[in-house]
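Student: missing the sequence, but the structure's below:
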């Protein structure tokens with residue numbers, strides 16, 4: 001049963017508990033996606049959220065190549081969100 005503590009879910013590990021979850025650069029890319037307005041993409045009912053759940057190293061079955069591909073895909077999503085945020089006048093770093 002999920003108790004809401006560390007290691008219960010990758011999302012809360014990153015955003016509530018500030019724990020390393022996938023490793024870098026994936027953790028930073030996920031934070032950027034959320035910061036640039038993509039939080040809804042990270043939810044479990046979305047394709048990306050399900051993909052992150054399946055790739056979560058907590059399960060002990062993720063390969064380095066899987067994380068490398070995930071990082072490349074997240075980088076693309078992050079970059080698109082950053083362009084959109086700037087176009088809408090957000091102040092972003």
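Tutor: Great, that's in hand. Since the model is a prediction, treat every value here as computed from it, not as a measurement.

Student: distance of the spatially most central residue of the chain from residue 87?
Tutor: Against the mean C-alpha coordinate of the chain, by CA atoms, centre = their mean, the closest residue is residue 30 at 3.0 Å. Going from residue 30 to residue 87 by CB to CB, to the nearest Å gives 22 Å. To be clear about C-beta, it is placed using only N, CA and C from the backbone, and glycine gets the same treatment.

Student: pretty sure the residue nearest to the centre of the chain contacts residue 14?
Tutor: Yes: using CB atoms under 8 Å, residue 30 is in contact with residue 14, at 6.0 Å.

Student: okay, and the common contacts of the two?
Tutor: residue 21 (CB atoms under 8 Å, 6 or more residues apart in numbering).

Student: pLDDT value on residue 74, please?
Tutor: Per-residue pLDDT puts residue 74 at 98.

Student: now the top helix by length along the chain: buried residues?
Tutor: The longest helix of the chain (DSSP state H) is helix 64-87. Burial within helix 64-87, assessed by neighbour count using 16 or more other CB atoms under 10 Å, is assigned to 67, 70-71, 74, 77-78, 81-82, 85.

Student: chain center to that helix, what's the gap?
Tutor: What separates the centre of helix 64-87 from the centre of its chain is 10 Å, taken as CA atoms, centre = their mean, to the nearest Å.
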